[in-house]
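Enquirer: Build the 3D model from these lines:
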Amino acid sequence: MIGKLQCMVLDCHYPAGLAHFYAAVLGGEIDRPDPRWTPDEEWATVHAPDGQVLAFQRVEDFRPPMWPDPAHPQQLHLDIEVPDLDAAEPQVLALGAVLKHSETSYRVYVDPAGHPFCLVRAAG
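Expert: Residues are numbered from 1 along each chain as shown. Next up is the predicted model:
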């Protein structure tokens, strides 16, 4: 092993807004004190209950991905496991997500900044 993942960083126009979106989806603390970085207008974080950290970085000329258009690739996406897709969907929609595609075991949405993410049905 060379290292360990410190956090996943998503570019966006408004870091604080996207941090609030993902904190509402995943739980956790927004901008918890952490010696590794300083939250400000350019940077926000969510420390999820499971220990993972998502960070959000302001990019002036941010151009969101346009899933599934390969001319605007998704760059990355998050899979978020949920026990019940039908119960989780109205919750993420109320937070500003937009449904893009639906299958039996997963659904694809975009967050308020345009990043794709999937709600994935928990196994068993």
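Enquirer: Select the longest helix from this protein.
Expert: Within the chain, and with DSSP state H defining each element, the longest helix by residue count is helix 15-26.
Enquirer: helices and strands around that one, which ones?
Expert: Under the contact definition 3 or more CB pairs under 8 Å, 6 or more residues apart in numbering; DSSP states H and E, helix 15-26 sits against strand 29-30, strand 43-47, strand 53-58, helix 85-94. All C-beta atoms are positioned from the backbone trio N, CA, C, and that covers glycine.
Enquirer: To residue 18, which of those lies closest?
Expert: Closest to residue 18 of the helices and strands packed on helix 15-26 is strand 53-58 (CB to CB; 4.5 Å).
Enquirer: Could you pull up the mean pLDDT of the closest one?
Expert: Mean pLDDT, strand 53-58: 94.
Enquirer: from the chain's centre, how far out does the following helix or strand past that strand sit?
Expert: Counting by DSSP states H and E, the next helix or strand C-terminal to strand 53-58 is strand 78-82. Between the centre of strand 78-82 and the centre of its chain there are 9 Å (CA atoms, centre = their mean, to the nearest Å).
Enquirer: Ok, stretch 26-44 next?
Expert: Using CA atoms, centre = their mean, the offset of stretch 26-44 from its chain centre is 14 Å.
Enquirer: Could you tell me the end-to-end distance of that stretch?
Expert: In stretch 26-44, first residue to last residue: 15 Å (CA to CA, to the nearest Å).
Enquirer: got the contact list for it?
Expert: Under the contact criterion CB atoms under 8 Å, 6 or more residues apart in numbering, stretch 26-44 has outside partners 6, 15-16, 18-20, 22-23, 45-49, 53-58, 80.
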